[in-house]
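1. The sequence and its predicted three-dimensional model are supplied below.
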Amino acid sequence: MAAEAAERQLELLRDEREAELAQSRAWQESVSLKELQRRGVCLLKLQVTSQRTGLYGRLLVTFQPRKWDTDTELPSNSFGPGDIVGLYESAGQGDPLCTGVVTRVTPKAVTVALEEPRDGELAMDHERSFRLLKLANDVTYNRLKRALIALKQYRGGPASDLIDVLFFASAPRAFPETKPLEFFNASLDESQREAVSFSLAQRELAIIHGPPGTGKTTTLVEVILQAVQQGLKVLCCAPSNVAVDNLVERLAGGRARLLRLGHPARLLQPIQQHSLDAVLARGDNAHIVADIRRDMDQAWAKTKKAQDKGERSHFLGEIKTLRKELKEREEAAMAAALSQASVVLATNTGASSDGPLKLLPETHFDLAVIDECAQALEASCWIPLLKAPKCILAGDHKQLPPTIISHRAAAEGLSLSLMERLAGHYGERAVRMLTVQYRMHRDIMEWASSELYGGRLSAHPSVAQHLLRDLPGISSTEETSIPLLLIDTAGCGLFELEVEDEQSKGNPGEVQLVGMHVQALVDAGVKAKDIAVVAPYNLQVDMLRQHLCHSHPELEIKSVDGFQGREKEAVILSFVRSNRKGEVGFLAEERRINVAVTRARRHVAVVCDSHTVGSRPFLRRLLDHLSRHGLVRSAFEYLDDLVPQNYPGEGCAQRRQQGPKPPGSKARPPPAGKIKGVPAGAGSQKPGARSSPSAAGAGRDGTGSKEGGSRFRAMLMDFLASSEAQLDFPASLNSHERMLVHVLAEELGLQHLSSGEGRDRYISVCKRLPKQHLLPSEPLPEPQHPSGKSPDPAEPLPKPQHPSGNSPDPAEPGENSKGSGKVDLKALHLERVQRERARREEAARKVQEPSCGSRKKDKREAKGKPVIGSGAEEDFDALISAAIEADRTCGFPRCKASVTTLGQLCHHCQRLFCLSHHIPEVHGCGEKAKAHARQRISREGVLYPGSGSKDKSLDPAKRAHLQRRLDKKLSELTSQRKGKKKDKEK
Ligand SMILES: Nc1ncnc2c1ncn2[C@@H]1O[C@H](COP(=O)(O)OP(=O)(O)OP(=O)(O)O)[C@@H](O)[C@H]1O
Ligand SMILES: [Zn+2]
Ligand SMILES: [Zn+2]
């Protein structure tokens, strides 16, 4: 059983090793040294700044950038303790001078323990220039291989029973009786206590499942201290140096004697003092060892100065002898230090028997503890596991597994961690889950809890409702008063970059939006160092850094994978993917999204395209959660160049000044012009043409007033009175004007659609004639005109007494915004504005806010949504109230949103949905919608939705005529409007 599994693992590991080698070969062959340095795996132009003799007589050489001043920092790199590197002469090609292990990395220097420097070759004078290159790590691979071979051949050692349990040959057992514990840490919660007691009572195996922020390390520390109290010898491991250091730091307060093997990643004193080097330095043997090392250093110095070959080889011989003596003395001292320690800590591979642990007897350890076990290769766990009769594994297999390069190996099980494998098999028989989390606001936690942790998590009262605004120095704004924010780019055309490489995806539009939200938080007083920006793709991480590093040097910008195990007060996620195909790539990994979201303590903002991202049920549920419990903003609200900010009325403009500052508001006009990929849908709008509030006031109530509104109204009335079936407006209308047309058309019961592409996009309206009245030459345009737009914002207006007597039929085909970026942007925006508004209205009503006047910050609703009332909007209020009375709610299960004013009928299932749920994919009509779209594509050879096809039915001459007439009228109007506006500005 075990042997077979070990054999299988070996095979997969070989695969992985080959993939790793192939990758590094490909890099070295095809990538320039500069590029390698950019990728963090190479350091160029280094000089030696010091050298000394370290453990085992190895030569420790410190390198720094070769610059005039010593203050230069190394370029950002991925070098870390334990990495195998090759040392090359800068000018040299081919094989390295020698190889070594990185022992320490600081911002300015990297220290390498050189294994067997070739004689004299390394005369380390300061004039020479070197480079270091990370090499594919043989050492790790060989250790993993050795552990698996040992597992395969294991007979009768201390871990025999454990091996049986881990391969399901026998079930895990408990010790017959255990005394109740006295806890060192009195504040452990119930689930933590249970995990500690259970772990100690188990004979072979216990698993502590610690979801994000549930105090897994706190619990593990208690377990270890209890075990030490019972006189057990503990070997404590984790896959990474950082995780091991974390444990050392947390254990350092207790009374246990600690010994940290290997090279700590952190330079902190509490960790360093437990390192083997430091322990040995305090030992009896220490001064003799120090003497020998000094002799060796001197001998090295002499070889440098040596005149001839003979002299040099004499000194080298001397060094050899000294090294041997040093090794013997050190090993004796180490064996003593190791056996005296109650807890030995190392990385999984650092616990290998080719290291110091070979000095201990086989049965030395009673317990092996592995933290972050779900992030370790199973093979690496076997290194410590073979050394003890019992193990306690801790981790969270709902977060990201170890990174595997070989797709095949990953698919065939190499990425399945030991913890996940065991938890899946044994469940409650071996696992205890921690269920109180001490990190996240309840609303942030809730989604992860129900998706991944069986709904079992609860938020500790100390964090359950904490918000950014509760931190000192942070003012209460909309942004700092909400735990969840969704900035939705759906329909805004902020597509991902079209890069072939699946690994590297970027989205410049999202970069901009993230920047604006960071700024909003910083403006409110949130410290940049308390904010993390997290993206699933490295390219996006690079782009975000480029954009944000200078203005916010303390902002941490990382990949999801790089942020696992960390937390921040505020986390901004950029999901990147935005495409027509609904491809989500990396995002499909549920554990990655779990990690991303659960890094946040008080605030998480998700920037994404809900159309693309929502194509996955798992992600869609996240979006649902965000919209149900958080605030949703369309990215449009940030792009005020695209859509008039103040639409639809003066009241709105006023509110914005009083209420929390909306995104991209006046203080910081967002660089919308810079945002790539903004479709030309609104492109006809000139910068100066942005609507003034007074012009916009024409919109909602249709009273039109002063300007365009009444003119358009007059035009439409003329049209209604005429015998024309359709009226096309010129493409030169700006977005505000088009909006007016939309609104008026709706009010008058006219059908209106957008046609044409980009700058040629224009609006037309047509009468809703009863079908039998249609002449063959005037087919109802709608079916041929899938407008591809969302429900019109004005749809909800109460059925007016329109002259035509035909109320708009929400079941019109073509009113479908799904599936493509080419929707009617404006309509989409309006829809969102309205949805927001309706929500605010409702909120306002709930708190019995008087409809006018006193709207102060303290009156804001709990979630921090601005309370909106009144003023110019009384009509609208009335409409909304009426609508709510009608009490028709969304057809989506559990959704309580009213659909009377803002609903849309799905023509696949004939039910009404709110605007969050009307997209067929969202409420379960996805398949039908797709089939429908496919039919249309094959029938018409055009991609829908969108507005690919123009109306073919209208006589071109007629159209041209209409067009000219309208152009004229409109240019008159426009010039009038501009004139007025200028006057006002003066
Ligand atoms: N019983 C408790 N009472 C109060 N605070 C606690 C308790 N347990 C843990 N915490 C706090 O929760 C935070 C997280 O604890 P810890 O570092 O042990 O979590 P973790 O689960 O190991 O974290 P990670 O998610 O990174 O694995 C710490 O600030 C810790 O002080
Ligand atoms: Zn449906
Ligand atoms: Zn709904």
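-> Arrived safely. Residues are numbered from 1 along each chain as shown. Ligands and ions are numbered 1, 2, ... in the order given.

2. And the contacts of stretch 266-278?
-> Outside stretch 266-278, the residues that touch it by Cβ atoms under 8 Å, 6 or more residues apart in numbering are 54-55, 104, 106, 241-242, 245, 248-249, 252, 258-262, 264, 334, 337, 345, 356. C-beta here means a position set from N, CA and C on the backbone, and glycine is covered the same way.

3. and that stretch, how far out from the chain's middle?
-> Computed by Cα atoms, centre = their mean, to the nearest Å, the chain-centroid distance of stretch 266-278 equals 33 Å.

4. measure that stretch end to end?
-> Start and end residues of stretch 266-278 are separated by 14 Å (Cα to Cα, to the nearest Å).

5. Tell me where the model's unsure across the stretch 801-950 of the chain.
-> Within the stretch 801-950 of the chain, the stretches with pLDDT under 70 are 801-837, 839-840, 843-888, 899-903, 933-950.

6. Kindly report the residues of it close to ligand 2.
-> Applying Cβ under 5 Å from the ion, one finds that the stretch 801-950 of the chain approaches ligand 2 through 906, 908, 909, 925.

7. ok so, going back, any of the contacts of stretch 266-278 buried? List them.
-> 54-55, 104, 241-242, 245, 248-249, 252, 258-262, 264, 334, 337, 345, 356 (16 or more other Cβ atoms under 10 Å).

8. hey, where'd the strands end up in the stretch 251-400 of the chain?
-> For the stretch 251-400 of the chain, the strands defined by DSSP state E, counting those that start in this stretch occupy 258-260, 343-347, 367-370, 391-395.

9. what residues does the chain put near ligand 2?
-> 906, 908, 909, 925.

10. Dump stretch 328-342 to PDB, restricted to CA.
-> What follows is stretch 328-342, C-alpha atoms only, in PDB (Å, rounded to 0.1, in the frame of the first residue of the first chain):
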ATOM      1  CA  GLU A 328      34.000  16.700  14.100                       C
ATOM      2  CA  ARG A 329      33.700  19.200  16.800                       C
ATOM      3  CA  GLU A 330      30.700  20.800  15.400                       C
ATOM      4  CA  GLU A 331      28.900  17.500  15.000                       C
ATOM      5  CA  ALA A 332      29.500  16.600  18.600                       C
ATOM      6  CA  ALA A 333      28.200  19.900  19.700                       C
ATOM      7  CA  MET A 334      25.200  19.700  17.400                       C
ATOM      8  CA  ALA A 335      24.200  16.200  18.600                       C
ATOM      9  CA  ALA A 336      24.200  17.600  22.100                       C
ATOM     10  CA  ALA A 337      22.200  20.600  21.200                       C
ATOM     11  CA  LEU A 338      19.700  18.600  19.300                       C
ATOM     12  CA  SER A 339      19.000  16.000  22.000                       C
ATOM     13  CA  GLN A 340      18.600  18.700  24.600                       C
ATOM     14  CA  ALA A 341      16.000  20.600  22.700                       C
ATOM     15  CA  SER A 342      12.400  19.700  23.300                       C
END
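
11. and ligand 1, which of the strands of the stretch 251-400 of the chain is closest to it?
-> strand 391-395 (8.1 Å; Cβ to the nearest ligand atom).

12. elements contacting the closest one?
-> Secondary-structure packing of strand 391-395 (3 or more Cβ pairs under 8 Å, 6 or more residues apart in numbering; DSSP states H and E): strand 205-209, helix 216-229, strand 367-370, helix 378-385, helix 418-426.

13. For the closest residue to residue 499 other than its chain neighbours, give me the pLDDT.
-> Leaving aside its sequence neighbours, residue 499 sits nearest to residue 505 (Cβ to Cβ, 6 or more residues apart in numbering; 6.3 Å). pLDDT for residue 505: 85.

14. sec struct for residue 505, please.
-> Following DSSP: H, G, I helix; E, B strand; the rest coil, we place residue 505 in the coil state.

15. ok, it - how many residues close by?
-> 25 (other Cβ atoms under 10 Å).

16. Same question for the one 5 residues further on.
-> The local packing count at residue 510 equals 30, with neighbours defined by other Cβ under 10 Å.

17. who's in contact with the one residue in the stretch 351-500 of the chain that gets nearest to ligand 2?
-> Ligand 2 sits closest to residue 490 of the stretch 351-500 of the chain, with a gap of 18.1 Å, by Cβ to the ion. Counting by Cβ under 8 Å, 6+ apart, residue 490 touches 609, 610, 611, 612, 634, 828.

18. again with residue 526
-> For residue 526, the contact set (Cβ under 8 Å, 6+ apart) comprises 468, 471, 474, 480, 569, 570.

19. Just name the closest of these to ligand 1, please.
-> residue 569 (12.8 Å).

20. where does the residue lying closest to residue 474 once chain neighbours are set aside land in three-state SS?
-> Nearest residue to residue 474, sequence neighbours excluded (Cβ to Cβ, 6+ apart): residue 525, at 4.0 Å. Put simply, residue 525 is coil when judged by three-state DSSP.

21. ok, now which ones touch residue 525?
-> 473, 474, 475, 480.

22. and the buried ones among the contacts of stretch 266-278, which of them are in helices?
-> Of these, the ones assigned to helices by DSSP state H are 241, 242, 245, 248, 249, 334, 337.

23. mind giving me a markdown table with those and columns for pLDDT?
-> As requested, those are exported to a markdown table (pLDDT from 0 to 100):
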| residue | pLDDT |
| --- | --- |
| 241 | 87 |
| 242 | 86 |
| 245 | 91 |
| 248 | 94 |
| 249 | 92 |
| 334 | 88 |
| 337 | 90 |
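
24. show me what contacts the residue in the stretch 351-500 of the chain positioned nearest to ligand 1?
-> Relative to ligand 1, the nearest point of the stretch 351-500 of the chain is residue 438 (3.3 Å; Cβ to the nearest ligand atom). By Cβ under 8 Å, 6+ apart, the contact list for residue 438 reads 213, 214, 215, 460, 462, 463.

25. Likewise for residue 717?
-> residue 748.

26. in what helix or strand does it lie?
-> Element membership for residue 717 (DSSP states H and E) is helix 708-721.

27. how about that helix: buried residues?
-> For helix 708-721, the buried set under the neighbour-count rule, 16+ other Cβ under 10 Å, comprises 708, 709, 710, 711, 712, 713, 715, 716, 719, 720.

28. In its sheet, which strands sit next to the longest strand belonging to the chain, and in what direction?
-> The residue-count maximum for a strand in the chain (DSSP state E) belongs to strand 42-53. Looking at strand 42-53 with DSSP bridges, its partner strands are strand 59-65 (antiparallel), strand 130-134 (antiparallel).

29. count of neighbours near residue 298?
-> Neighbours around residue 298, by other Cβ under 10 Å: 15.

30. pretty sure residue 434 is touching residue 209, no?
-> Yes. Between residue 434 and residue 209 there is a contact under Cβ atoms under 8 Å: 6.9 Å.

31. Look at those two and report which has more neighbours.
-> Taking other Cβ under 10 Å, residue 434 and residue 209 do not tie; residue 434 has more neighbours (28 against 25).
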